[in-house]
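# For reference, the sequence and a predicted model appear below.
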Amino acid sequence: MGIGGTGFAELQGKDGAALLADAVAALEVFNLGFTDSAAGLDKAELLERADLLERASRALQFGQVIAVHAIDSQNLARTGDTDTVFCWDVSEGQKSGYRNTQEYLVDRLRISRFEANRRLVLGRDLLACCSLTGQRVEPRYPSLAVVAAAGLASTETLAAAASALDRVRIKATPSQLAGMESVLAAAAPLQDPGRVTMAAKHLEYLIDQDGNPPSEEELKARQGVHQHGTKRGLEHLEIFATQAQFEVLTTVMNTGTNPRTQTDEERAADDRTRPQRMLDALIGACKGALATGNLPRSGGIRPQILVTIDYNQLLGRLERGWAQGSFAFTGPAAVSTLRQLACDAELIPVVLNGEGRILDLGRSARLFSKEQRLALAARDGGCSFPSCSMPVGWTEAHHVDYWQNNGRSSTNNGCMLCSHHHHLIHQENWRIDITTGAPWFIPPPDVDPQQKPLRNTYFRPQTRLELAP
């Protein structure tokens, strides 16, 4: 929507500072009333106000860019309050203590360094300036400048487009650069910043399909998985991967985040964040790979998670003292964590004396057999927790009545659970009932005061119809 109307000429005649002060005051008054009235507005009225606020926000953002561009052009970071445009007009003793414009903006406007830099870059890309000889220099990206001036896109969207153009300037022909700018300028008013970024990446790839691959030195210095220790019980990992490697990781992780695998009700019941879902999917894939036994052997032993724990601690029979187990790679671990892991693990008892020497070596015990696992997989189809869509290959067999409490390894005492819901069940707030031959989950009172039993219907759509009221 353009600017206009019968009062526009009157507004143009007002002093700029007074006009802006009136606008700020009007917005503050509006917000006071809007705070109380917003919840009671009908949809049309609410959306009308939301659209107008976005329009106002875009106009305000571009005004911020204009102001910062002028501050940068007048070198206020160096001249301070001195009434001069150029920093070399000021004696050394009169110059301010700011090292650069970003630092000045952060202190003066109380914005982040990132935001200060974004406004500076956008000003240099979208606004005209004067050369040292006083000649006018047109905006670097005129098409984007038109979009910005009309208030048709946010500075976040404009920055995504401009930064992409900056990256390709050195490798694109003038016609390629102009064409890319034209496409992005057309997309900016219609798309969100994320989609504009994706479009920019596609256009950048078309211009430079070979790209600039990292050198061998850079790969050796940065590529890989970097461990940054433990903080509040969470291991901190950082991954630097090539595009091909990242595509493999993303493909696996996104199996746990696909919204089309769940109904609206099931998505509402799943309170995990997207990062948690991605990690659960990756861990599930790793566990599936470990279970196949096809990974390269280490020291002649099939890759497996090794844990050392006192037998009585594992069974919960320790009457006093501090209970602790230990992982082979990451060290001390809480017994609750190890008990959960043991629910679907192969236990090989090793009796050690006080000096750590092996006195006796037992054999695997209390696991679900291969046939029992197949039967559970056929019955449950995947994770049996209500609303979960994790496939059966990434699930673990769980003892409903725990093995350490004399629970049997049978299909009437087992169900398949993904890693996330396996951990949830071991918190012992939810209960599982298999008296009817299928797992029903009884939520805790804080989730459902009536504690109505729930069942996973994702893998059995016909069950969903049978359970429908």
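That came through, no problem. Numbering: from 1, shown residues only.

# got the domain boundaries for this protein?
Split into domains by automatic domain parsing, the chain comes to 13-202, 370-467.

# quick one: average pLDDT of the last one?
So that's domain 370-467. Across domain 370-467, pLDDT averages out at 82.

# Please compute how far the helix or strand hosting residue 35 lies from its chain's middle.
Counting by DSSP states H and E, the element that carries residue 35 is helix 16-37. Centroid separation between helix 16-37 and its chain, computed with CA atoms, centre = their mean, to the nearest Å, is 35 Å.

# Counting by contacts, list what whatever helix or strand comes next after it packs against.
Counting by DSSP H and E, the next helix or strand C-terminal to helix 16-37 is helix 43-73. Other helices and strands packing on helix 43-73, by 3 or more CB pairs under 8 Å, 6 or more residues apart in numbering; DSSP states H and E, are helix 16-37, helix 101-109, helix 113-126, strand 129-130, helix 142-149, helix 155-168. For glycine as for every other residue, the C-beta is placed from the backbone atoms N, C-alpha and C.

# out of the ones you listed, deepest packed?
Using mean count of other CB atoms under 10 Å, the stretch among those with the greatest mean number of neighbours is helix 155-168 (a mean of 21).

# now for that helix, which elements pack on it?
Helices and strands touching helix 155-168, by 3+ CB pairs under 8 Å, 6+ apart, are helix 43-73, helix 113-126, helix 142-149, helix 174-187, helix 193-207.

# From the contact counts, what lies against the helix or strand following the first one?
Toward the C-terminus, helix 43-73 is succeeded by helix 76-79 as the next helix or strand (DSSP H and E). Helices and strands in packing contact with helix 76-79 are listed as helix 101-109; criterion 3+ CB pairs under 8 Å, 6+ apart.

# same question for the helix it packs on, mean pLDDT?
89.

# Looking at the domains of the chain, which is nearest to residue 236?
Smallest distance to residue 236 across the domains of the chain (CB to CB): 19.3 Å, for domain 370-467.

# Show me how far that closest one is from its chain's centre.
Chain-centre distance of domain 370-467: 28 Å, with CA atoms, centre = their mean.

# go on, stretch 367-381?
Worked out by CA atoms, centre = their mean, stretch 367-381 lies 34 Å from the chain centre.

# Tell me the buried residues in that stretch?
Across stretch 367-381, burial judged by 16 or more other CB atoms under 10 Å covers 368, 372, 373, 376, 377, 379, 380, 381.

# tell me the two of those that are most distant?
That would be 368 and 381, which, of the buried residues of stretch 367-381, are the farthest apart (CB to CB) at 16.6 Å.

# ok, back up a step: can you put the helices and strands packed on helix 155-168 in TSV and add distance to residue 254 and mean pLDDT?
Compiled in TSV, these are given as follows (distance: least, CB to CB, whole Å; pLDDT from 0 to 100):
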stretch	distance to residue 254	mean pLDDT
helix 43-73	30	93
helix 113-126	28	93
helix 142-149	32	95
helix 174-187	25	93
helix 193-207	15	87
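
# now these as CSV including distance to residue 243?
Shown next, in CSV, are the helices and strands packed on helix 155-168 (distance: least, CB to CB, whole Å):
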stretch, distance to residue 243
helix 43-73, 33
helix 113-126, 25
helix 142-149, 27
helix 174-187, 21
helix 193-207, 11
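
# between those, which one is nearest to residue 279?
Comparing the helices and strands packed on helix 155-168 against residue 279 with CB to CB, the closest turns out to be helix 193-207 (21.8 Å).

# Between helix 174-187 and that closest one, find me the angle.
Put simply, helix 193-207 runs at 160 degrees to helix 174-187, going by axes from the mean of the first three to the mean of the last three CA atoms, to 10 degrees.

# what comes into contact with helix 193-207?
With contacts defined as CB atoms under 8 Å, 6 or more residues apart in numbering, helix 193-207 is touched by 154, 156-157, 160-161, 164-165, 167-168, 171-172, 176, 180, 183-184, 187-188, 191, 211.

# what do you get if the cut-off is 7 Å, keeping everything else the same?
With CB atoms under 7 Å, 6 or more residues apart in numbering as the test, helix 193-207 has contacts from 156-157, 160-161, 164, 167-168, 171-172, 176, 180, 183-184, 187-188.

# Distance of the residue nearest the centre of the chain relative to residue 285?
Centrality entry for the chain: nearest residue to the mean C-alpha point is residue 275, 5.2 Å, by CA atoms, centre = their mean. Distance, residue 275 to residue 285, by CB to CB, to the nearest Å: 16 Å.

# Repeat that for residue 193.
Distance, residue 193 to residue 285, by CB to CB: 31 Å.

# what do you get for residue 145?
Distance of residue 145 to residue 285, given as CB to CB: 47 Å.

# In contact with the residue nearest to residue 166 when sequence neighbours are not counted: list those residues for me.
Closest residue in space to residue 166, ignoring its immediate chain neighbours: residue 125 at 7.5 Å, by CB to CB, 6 or more residues apart in numbering. For residue 125, the contacting residues are 139, 140, 141, 162, by CB under 7 Å, 6+ apart.

# could I get these as CSV with distance to residue 34 and pLDDT?
Compiled in CSV, the contacts of residue 125 are given as follows (distance: CB to CB, whole Å; pLDDT from 0 to 100):
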residue, distance to residue 34, pLDDT
139, 35, 91
140, 38, 92
141, 35, 95
162, 33, 94
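
# Name the member of those residues that has the highest neighbour count.
Counting neighbours by other CB atoms under 10 Å, residue 162 leads these with 26 neighbours.

# now the nearest residue to it once chain neighbours are set aside: how far from residue 116?
Excluding the flanking residues, the one nearest residue 162 by CB to CB, 6+ apart is residue 125, at 4.6 Å. Counting by CB to CB, the gap from residue 125 to residue 116 is 15 Å.

# likewise residue 38?
Distance of residue 38 to residue 116, computed by CB to CB: 32 Å.

# Can you list the strands that the one helix or strand residue 226 maps to pairs with?
Assigned by DSSP H and E, residue 226 falls within strand 224-231. The sheet places strand 224-231 alongside strand 234-240 (antiparallel), with pairing taken from DSSP bridges.

# what's residue 132 sitting at in phi/psi?
Backbone geometry at residue 132, expressed as degrees, to the nearest 10, gives phi -60, psi -20.

# Identify the residues contacting it.
By CB under 7 Å, 6+ apart, the contact list for residue 132 is empty.

# what inclination does the helix holding residue 35 have with respect to helix 43-73?
Helix 16-37 and helix 43-73 are oriented at 150 degrees to each other (the same axes, to 10 degrees).

# Can I get helix 16-37 as PDB, trimmed to CA atoms?
Backbone C-alpha positions of helix 16-37 (Å, rounded to 0.1, in the frame of the first residue of the first chain) are rendered in PDB as follows:
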ATOM      1  CA  GLY A  16      10.700  15.900  10.900                       C
ATOM      2  CA  ALA A  17      11.400  15.500  14.600                       C
ATOM      3  CA  ALA A  18       7.900  16.700  15.500                       C
ATOM      4  CA  LEU A  19       6.300  14.300  13.000                       C
ATOM      5  CA  LEU A  20       8.300  11.400  14.400                       C
ATOM      6  CA  ALA A  21       7.500  12.300  18.000                       C
ATOM      7  CA  ASP A  22       3.800  12.400  17.200                       C
ATOM      8  CA  ALA A  23       4.000   9.000  15.500                       C
ATOM      9  CA  VAL A  24       5.800   7.500  18.600                       C
ATOM     10  CA  ALA A  25       3.200   9.000  20.900                       C
ATOM     11  CA  ALA A  26       0.400   7.700  18.800                       C
ATOM     12  CA  LEU A  27       1.900   4.200  18.800                       C
ATOM     13  CA  GLU A  28       2.300   4.300  22.500                       C
ATOM     14  CA  VAL A  29      -1.300   5.300  23.000                       C
ATOM     15  CA  PHE A  30      -2.400   2.600  20.600                       C
ATOM     16  CA  ASN A  31      -0.400  -0.100  22.500                       C
ATOM     17  CA  LEU A  32      -2.000   0.900  25.800                       C
ATOM     18  CA  GLY A  33      -5.500   0.300  24.400                       C
ATOM     19  CA  PHE A  34      -4.400  -2.700  22.200                       C
ATOM     20  CA  THR A  35      -3.100  -4.500  25.300                       C
ATOM     21  CA  ASP A  36      -6.600  -4.700  26.700                       C
ATOM     22  CA  SER A  37      -8.600  -5.000  23.500                       C
END
